[in-house]
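> how would this look folded up:
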Amino acid sequence: MEATGKTSLLMHCLPVERGIETTDSVVESGASIVFEQAGNRMHAQNAILLKLSNKS
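Next up is the predicted model:
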């Protein structure tokens with residue numbers, strides 16, 4: 001992340017292999033939006049399941 005600049009954000013589809021794909025400090029830093037991203041993905045997945053179940 002140091003080489004990418006101060007405006008860069010870390011996104012990941014989870015689960016993160018800490019220590020292999022990235023460090024703990026980056027995942028827990030202010031540059032990480034992985035947990036917000038996961039929360040938003042849940043809403044999209046629920047909408048897909050609702051549509052596929054024909055209850056919409």
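
> these two touch, right, Leu14 and Asn40?
No - Leu14 lies out of contact with Asn40 (CB atoms under 8 Å); the separation is 12.0 Å. Backbone N, C-alpha and C define where each C-beta goes, glycine included.

> center of this protein - which residue?
Centrality entry for the chain: nearest residue to the mean C-alpha point is Val34, 3.0 Å, by CA atoms, centre = their mean.

> name all residues that make contact with the nearest residue to that residue once chain neighbours are set aside.
Spatial nearest neighbour of Val34, excluding adjacent residues (CB to CB, 6 or more residues apart in numbering): His12 at 4.6 Å. The contact partners of His12, by CB atoms under 8 Å, 6 or more residues apart in numbering, come to Glu21, Thr22, Val27, Val34, Gln37.

> swap in Ala38?
Applying CB under 8 Å, 6+ apart, we find Ala38 in contact with Leu14.

> and it, what pLDDT?
For Ala38, the pLDDT comes out at 93.

> ditto for the one 3 residues further on
Among the per-residue scores, Arg41 holds a pLDDT of 94.

> ok, and the closest non-adjacent residue to Glu21?
Closest to Glu21 by CB to CB, 6+ apart is His12, at 7.3 Å.

> am I right that the one you found sits in a helix?
No - according to DSSP: H, G, I helix; E, B strand; the rest coil, His12 belongs to no helix; its state is coil.

> where do the helices sit along the chain?
Secondary structure of the chain (DSSP state H): helices at 24-27, 34-52.

> and the ones you listed as a markdown table, adding distance to Thr7?
Conversion of the helices of the chain to a markdown table gives the following (distance: least, CB to CB, whole Å):
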| stretch | distance to Thr7 |
| --- | --- |
| helix 24-27 | 15 |
| helix 34-52 | 16 |
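
> and the ones you listed, which is most packed in?
Looking across the helices of the chain with neighbours counted as mean count of other CB atoms under 10 Å, the highest average goes to helix 24-27: a mean of 14.
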